[in-house]
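Trainee: Quick one, what's the 3D model for this:
(one chain, ligands or ions: 1)
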Amino acid sequence: MKIDMHTHIIPRELPDWSSEFGYGNFIHLDHHRPGFARMMQGGKFFREIESNCWDAQLRIDEYARFHTQVQIVCTIPVLFAYWSKPKDGLKVAQFLNDHIATLIHSYPKNYVGLGTLPMQDIALAVEELQRCKNIGLKGVQIGSNINNINLSDAQFNPLWEALQDLDMCILIHPWEMMGEEDMRKYWLPWLVGMPAETTRAICSLIFNGVFERYPRIRFNFAHAGGSFLTTIGRIEHGFHCRPDLVAIDNPKNPRDYIGHFWVDSATHDAQLLRYILELLPPEKISLGTDYPFPLGDLKVGEFIRDMKLAPEVQEQIFWKSAVAWLGMTPTEFTQQYFS
Ligand SMILES: [Zn+2]
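Mentor: Purely as a prediction, here's the structure:
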């Protein structure tokens, strides 16, 4: 039994937002041959995707091969559109969130939904978060920075308050990678920028005291927390040797927050996952693949099964950790999805 808590989905058809709003390179899809579509940013080719990006039944069938019944889905970060005017960003978010709401109601045993928010306007984001709750979504996914503003910025406090009040979970996903312009060659934004982005987000939330002030928010960080866990020694050392730079807003050692938040299992490396298991309890490591993209763990945790972990540890990672992150008990989840 497995739940994949980090997977992306997109509606098969997207509105022509650039024409509707009269500006910007909003994503649209060019279905140029059966089973494939080009994601276009205005006139510029971004990436080719396959029908498992939008075909709900095909996805269920592909997952069945890996004994995985439930997918926790969210949008593709390139659709965040935080750069757009707030009212347009809200419209984009509502369209994507309504699509996911329809999906989870059509396939109630297979899909759990996370929304997206117009983070460029925190009041609208909080309103949309409330609406996400009303339409049945369990949480949201946001980027690792918002138009280059770190998540430590006080403007985001209303979101943290609302997440805690509404008891919704949050996935932090790297996007708008730092240094992207300087390192386009060799896919470096994805290979180097993304792990750094996630570390940027975790450190910002630790050093600003967000985890401290909003202790009940259930955060999960993509790609096993980026490079945070592998560089925690350096981060902790920096905290001790230059508290005048690091510990100015929160006096607590960053290492103390290990185990406070969840990370997904997408390491592509059994040895690294074993190391993470030494740092974190298995209750805070949730199977997450980044399906259906090529950098994802597209065999849905087979490398974890091959690690021959203790059965209770494997069970935690394969589904129970994700259930706890959603804010449900195993019994509640089993009755709703596995009955
Ligand atoms: Zn992802």
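
Trainee: Just the pLDDT for residue 338.
Mentor: For residue 338, the model assigns a pLDDT of 86.

Trainee: in stretch 30-38, what counts as buried?
Mentor: Going by neighbour count (16 or more other C-beta atoms under 10 Å), the buried part of stretch 30-38 is residue 37. Any C-beta I mention is one placed from the backbone N, CA and C, and that applies to glycine too.

Trainee: Stretch 117-125 too?
Mentor: 117, 118, 119, 120, 121, 122, 124, 125.

Trainee: Might one say that the second one is in contact with residue 93?
Mentor: So the one you mean is residue 118. Yes - if you go by C-beta atoms under 8 Å, residue 118 and residue 93 touch, sitting 5.1 Å apart.

Trainee: Mutual contacts of those two, please.
Mentor: 81, 128 (C-beta atoms under 8 Å, 6 or more residues apart in numbering).

Trainee: Same list, the buried residues of stretch 117-125, but as CSV with secondary structure, pLDDT and distance to residue 233 please.
Mentor: Shown next, in CSV, are the buried residues of stretch 117-125 (DSSP: H, G, I helix; E, B strand; the rest coil; pLDDT from 0 to 100; distance: C-beta to C-beta, whole Å):
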residue, secondary structure, pLDDT, distance to residue 233
117, coil, 98, 34
118, coil, 98, 38
119, coil, 98, 32
120, coil, 98, 36
121, coil, 98, 38
122, helix, 98, 34
124, helix, 98, 40
125, helix, 98, 35
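
Trainee: closest to residue 71 among those residues?
Mentor: Closest to residue 71 out of the buried residues of stretch 117-125 is residue 117 (20.5 Å), distances taken as C-beta to C-beta.

Trainee: backbone phi and psi for the residue nearest to residue 139 when sequence neighbours are not counted, please?
Mentor: Closest residue in space to residue 139, ignoring its immediate chain neighbours: residue 169 at 3.5 Å, by C-beta to C-beta, 6 or more residues apart in numbering. Note on residue 169: backbone dihedrals following degrees, to the nearest 10 are phi -90, psi 170.

Trainee: can you pull the contacts of residue 169?
Mentor: Applying C-beta under 8 Å, 6+ apart to residue 169 gives the contacts 114, 138, 139, 163, 217, 218, 219, 220, 325, 326, 327.

Trainee: rerun at 7 Å
Mentor: Residue 169 is in contact with 138, 139, 218, 220, 325, 326, 327, counting by C-beta atoms under 7 Å, 6 or more residues apart in numbering.

Trainee: Same question for residue 41.
Mentor: Contact partners of residue 41, counting by C-beta under 7 Å, 6+ apart, are 25, 27.

Trainee: Is it bridged to anything, and to what?
Mentor: Beta-bridge partners of residue 41, counted by DSSP bridges, are residue 27, residue 44.

Trainee: from here on, count from 874
Mentor: With 874 as the first residue, the last one maps to residue 914.

Trainee: Look up how far residue 897 lies from it.
Mentor: Distance, residue 914 to residue 897, by C-beta to C-beta, to the nearest Å: 9 Å.

Trainee: joint contacts of these two?
Mentor: With contacts taken as C-beta under 7 Å, 6+ apart, residue 914 and residue 897 have no neighbour in common.

Trainee: Would you check how far apart residue 880 and residue 1124 are?
Mentor: 38 Å.

Trainee: ok so, going back, got a PyMOL select line for the buried ones in the contacts of residue 1042?
Mentor: Applying 16+ other C-beta under 10 Å to these, the buried members can be selected in PyMOL as follows:
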select buried, resi 1011+1012+1091+1093+1198+1199
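
Trainee: So which of the contacts of residue 1042 are in helices?
Mentor: The helices, defined by DSSP state H, take in 1198, 1199 from the contacts of residue 1042.

Trainee: Now tabulate the contacts of residue 1042 in a markdown table and tack on distance to residue 1080.
Mentor: Listed next are the contacts of residue 1042 as a markdown table, based on distance: C-beta to C-beta, whole Å:
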| residue | distance to residue 1080 |
| --- | --- |
| 1011 | 28 |
| 1012 | 24 |
| 1091 | 20 |
| 1093 | 19 |
| 1198 | 23 |
| 1199 | 27 |
| 1200 | 26 |
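
Trainee: export the contacts of residue 1042 to TSV and tack on pLDDT and distance to residue 1057?
Mentor: Below are the contacts of residue 1042 laid out as TSV (pLDDT from 0 to 100; distance: C-beta to C-beta, whole Å):
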residue	pLDDT	distance to residue 1057
1011	98	36
1012	98	32
1091	98	35
1093	98	29
1198	98	34
1199	98	37
1200	98	40
